[in-house]
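Participant: 3D model of this:
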Amino acid sequence: MATKDLLSPLPGTFYRKPSPDAPAYKNEGDTVKKGDIIGLIEVMKSFHEVHADADGTITAFHADNEDAVMAGQPLATLSI
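Facilitator: The predicted structure follows:
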């Protein structure tokens, strides 16, 4: 099976959930469809959705909630 990394589109802070008391958008083992939200990147108090760019199953997250990330950094890996 092939894999695909989902990359951060921007530098900033990665959030796996929409608010502190909400569940994560997606977890390891979850199936995603192209366009599904997997997290948010915050840049200067502005939030940008991170979308899956392929159908598959999330096999790993490489960034935890509230981690600082760089543009192009892998956030998660999909098995496609």
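
Participant: CA only for contacts and neighbour counts going forward, please
Facilitator: Noted.

Participant: buried stuff in stretch 28-42?
Facilitator: Across stretch 28-42, burial judged by 16 or more other Cα atoms under 10 Å covers 31-32, 36-42.

Participant: got a list of contacts for that stretch?
Facilitator: 8, 10-18, 24-26, 47-61 (Cα atoms under 8 Å, 6 or more residues apart in numbering).

Participant: and stretch 43-58, by the same measure?
Facilitator: 6, 8-13, 27-42, 76-80.

Participant: quick one: which two of the buried residues of stretch 28-42 are the most distant?
Facilitator: 31 and 42 (24.3 Å; Cα to Cα).

Participant: picking that back up, keep only those of the contacts of stretch 28-42 that are in strands.
Facilitator: Under the assignment DSSP state E, the contacts of stretch 28-42 contribute 12-15, 47-51, 56-61 to strands.

Participant: just the buried ones among these, please.
Facilitator: Here, 16+ other Cα under 10 Å leaves 12-15, 47, 49-51, 56-59, 61 buried among these.

Participant: need these in JSON lines (columns: distance to residue 69 and pLDDT).
Facilitator: Putting those into JSON lines (distance: Cα to Cα, whole Å; pLDDT from 0 to 100) gives the following:
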{"residue": "12", "distance to residue 69": "6", "pLDDT": "98"}
{"residue": "13", "distance to residue 69": "6", "pLDDT": "98"}
{"residue": "14", "distance to residue 69": "6", "pLDDT": "98"}
{"residue": "15", "distance to residue 69": "10", "pLDDT": "98"}
{"residue": "47", "distance to residue 69": "14", "pLDDT": "96"}
{"residue": "49", "distance to residue 69": "14", "pLDDT": "97"}
{"residue": "50", "distance to residue 69": "12", "pLDDT": "97"}
{"residue": "51", "distance to residue 69": "16", "pLDDT": "97"}
{"residue": "56", "distance to residue 69": "23", "pLDDT": "96"}
{"residue": "57", "distance to residue 69": "22", "pLDDT": "97"}
{"residue": "58", "distance to residue 69": "19", "pLDDT": "97"}
{"residue": "59", "distance to residue 69": "19", "pLDDT": "97"}
{"residue": "61", "distance to residue 69": "13", "pLDDT": "97"}
